[in-house]
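> What would the 3D arrangement of this be:
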Amino acid sequence: MQLHFGLIGSTVLLPSTLLTLINILSNKSRMSTNLFLKSHTFYLLYRSEKSDTKLGGESKCFQMRYYEAGRGKEEFLTQLLFRDNSTGQMDVYSIVIVLEKSNESLKYYDRLVAQNHIATRYEIYDLLYTDYHTCFTLRRISRTNPF
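As a prediction, this is how the structure comes out:
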């Protein structure tokens, strides 16, 4: 892979932009396992690739907290909190997040399957980007309701 630094069209890339570009190209920003390495609460600004009413809607504030990890599995019991912009209250949802690979040849997990605690309904998201500190971007790729 070749990376060219400097001008792209008439836009000058700043160092932070270059770092982001390198992270995206190297897939270091798509390792969903890194979001769950240790039990903690973190605040991430969620942005969908397009408007996604199923994960926070127009909410500007998103909080994710996982509190139990399945041993030997990439499975995490998680609380998602979204701020309701009209009331200022946080809506709380408990879900299980299972990490998967979009392609078995990958050495990292880049897909999140969010399901209810009894696995009767779930949605699948590709992790497009995260900096592991302030934001992440998902693309919802399917929804399945097996019952």
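
> mind checking which helix or strand of the chain has the lowest mean pLDDT?
Using mean pLDDT, DSSP states H and E, strand 7-8 stands out as the lowest-scoring helix or strand of the chain, at a mean of 32.

> Residue 125 contacts residue 141, correct?
Yes. Contact criterion Cβ atoms under 8 Å: residue 125 and residue 141 qualify, at 6.8 Å. All C-beta spots, glycine's among them, are computed from the backbone N, C-alpha and C.

> of those two, who's got more company?
Each of residue 125 and residue 141 has its neighbours counted (other Cβ atoms under 10 Å); residue 125 has more, 23 against 11.

> Can you name the residues bridging to that one?
Legend: beta-bridge partners of residue 125 under DSSP bridges are residue 112, residue 140.

> Compute the distance between it and residue 105, please.
20 Å (Cβ to Cβ, to the nearest Å).

> And for residue 77?
Residue 77 sits 29 Å away from residue 105, going by Cβ to Cβ.

> what about those two, which has more around it?
Higher neighbour count among residue 77 and residue 105: residue 77, with 14 against 6, using other Cβ under 10 Å.

> Run a quick neighbour tally on the spatially closest residue to residue 102 that is not a sequence neighbour.
Excluding its sequence neighbours, the residue lying closest to residue 102 (Cβ to Cβ, 6 or more residues apart in numbering) is residue 111, at 5.0 Å. Using other Cβ under 10 Å, residue 111 is surrounded by 19 other residues.

> Quick check: residue 111 touching residue 125?
Yes. Using Cβ under 8 Å, residue 111 is in contact with residue 125, at 6.9 Å.

> Domain map for the protein?
Here the chain is described, according to automatic domain parsing, as comprising the domains 1-29, 31-144.

> helix/strand/coil for residue 87?
Judged by DSSP: H, G, I helix; E, B strand; the rest coil, the three-state class of residue 87 is coil.

> Quick check: which element contains residue 96?
Element membership for residue 96 (DSSP states H and E) is strand 90-100.

> for the record, mean pLDDT for that strand?
Strand 90-100 comes out with an average pLDDT of 79.
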